[in-house]
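Peer 1: please work out how this folds:
(one chain, ligands or ions: 1)
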Amino acid sequence: MTAELLDGRRYADMIREELASESVERQADLGYVPVLAIVVLRDRAEMGSAAMASASDVYVRQLRRTARTVGITARVVELPTRSSASELLATLARLNAESQVHGIIVQLPLPAHLDRSILLDAIDPAKDVDGIGAINAGALFLNQPARVPATCAAVMEVLDRAQVPLAGRRVVVVGASAVVGRPLALLLLRRDATVSICHIYTRDLPAFTRQAEVLVAAAGKPGLITADHVRPGAVVVDVGINVLPTGGVVGDVDYAAVRAVAGALTPVPGGIGPLTNLMVMRQTLRSLDDHREPGGAR
Ligand code: NAD
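Peer 2: Residues are numbered from 1 along each chain as shown. Below is the predicted model of the structure:
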């Protein structure tokens, strides 16, 4: 068997077109262009030399390009890397208060001296278009409408576009982080899948993953999922992004070996990655409804 390739780039092209026309319609209706604020902590002097700075350049450039293609204005808000928690929070408070800003995203990881938990209630939930705040996480947990982490939305989008049935099916998520594994498991549960979450302390991982009709790898460990981990014919989604010492990028799945066993498989690169920024844009466009109807359902 050779797995069907779930081509994220092809899906991304389709979604980009859909969002661009949705954006045109909403702008005609509202009379303004939606704005996404991208908050980045970095030092100009380091740009292009330090690894962190160039990673953040790539991040900002990709978000800006994606925003442009779907008719959203990206506004980059730069703060020095050494900024204190209160300086970052003051910037976010200012953006929360600006009615012309419809979505806010903060580049992660934060510099080492800042704890990510300061962000839990720092962004207005209606503008939290990457679903990092506690209100949106709580809404997801309570099975209420919520903005969710873009990566999780991207996984659900690929499964839906590939018409993978979820209700009643056995789904295993490898990875239990607050930004990927956990919210993704809740989204899958919301769709009536029978979900197991595995993590670094799971004993006999293959015994779990071999049961999966849909297997999602989100551990950040190259080669973790081998052919022995995969039930023949399963749908395998590889969320991992691992940069090798050679500079190449691979996922968590042993692609060549698993392709011979799985029924369908997302590649890395070119699987989940291309959809992630588009999911941020989609949640920004949908935020416009909240701006129009303050106090409406979120
Ligand atoms: P994380 O380090 O916060 O969490 C990793 C999780 O995997 C933990 O729950 C850990 O217990 C589990 N894990 C680690 N090693 C394991 C092992 N050997 N066996 C079983 N479980 C193991 O990472 P994260 O932020 O959740 O990201 C996970 C991966 O997804 C990374 O490769 C990251 O780069 C990638 N990622 C991709 C996107 C995207 O857009 N495609 C976005 C975010 C993260």
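Peer 1: helix or strand next in line after the helix or strand of the chain with the lowest mean pLDDT, which one?
Peer 2: Sorting the helices and strands of the chain by mean pLDDT, DSSP states H and E puts helix 51-69 at the bottom, at a mean of 85. Remark: after helix 51-69, the chain's next helix or strand is strand 73-79, criterion DSSP states H and E.
Peer 1: which ones are touching the residue of the stretch 1-150 of the chain found nearest the ligand?
Peer 2: Closest approach between the stretch 1-150 of the chain and the ligand, counting by Cβ to the nearest ligand atom: A150, at 7.0 Å. Yep, even glycine has a C-beta here, placed from its N, CA and C like the rest. Contact partners of A150, counting by Cβ atoms under 8 Å, 6 or more residues apart in numbering, are V129, D130, G131, T276, N277, M279, V280, Q283.
Peer 1: from the ligand, how far out is the fifth one?
Peer 2: The gap separating N277 from the ligand is 8 Å, by Cβ to the nearest ligand atom, to the nearest Å.
Peer 1: kindly export the one helix or strand that residue maps to (C-alpha atoms) in PDB.
Peer 2: Take DSSP H and E as the rule and N277 turns out to sit in helix 273-292. This file holds the C-alpha atoms of helix 273-292, laid out as PDB (Å, rounded to 0.1, in the frame of the first residue of the first chain):
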ATOM      1  CA  GLY A 273       2.400  24.100   8.100                       C
ATOM      2  CA  PRO A 274       1.000  25.800   5.000                       C
ATOM      3  CA  LEU A 275      -2.500  26.000   6.700                       C
ATOM      4  CA  THR A 276      -1.400  27.400  10.100                       C
ATOM      5  CA  ASN A 277      -1.100  31.100   9.200                       C
ATOM      6  CA  LEU A 278      -4.300  30.900   7.100                       C
ATOM      7  CA  MET A 279      -6.200  29.700  10.200                       C
ATOM      8  CA  VAL A 280      -4.900  32.900  12.000                       C
ATOM      9  CA  MET A 281      -6.300  35.000   9.200                       C
ATOM     10  CA  ARG A 282      -9.600  33.100   9.200                       C
ATOM     11  CA  GLN A 283     -10.000  33.700  12.900                       C
ATOM     12  CA  THR A 284      -9.100  37.400  12.300                       C
ATOM     13  CA  LEU A 285     -11.800  37.700   9.700                       C
ATOM     14  CA  ARG A 286     -14.400  36.000  11.900                       C
ATOM     15  CA  SER A 287     -13.400  38.400  14.700                       C
ATOM     16  CA  LEU A 288     -15.100  41.200  12.700                       C
ATOM     17  CA  ASP A 289     -18.500  39.800  13.700                       C
ATOM     18  CA  ASP A 290     -17.600  40.300  17.400                       C
ATOM     19  CA  HIS A 291     -16.600  43.900  16.600                       C
ATOM     20  CA  ARG A 292     -19.900  44.500  14.900                       C
END
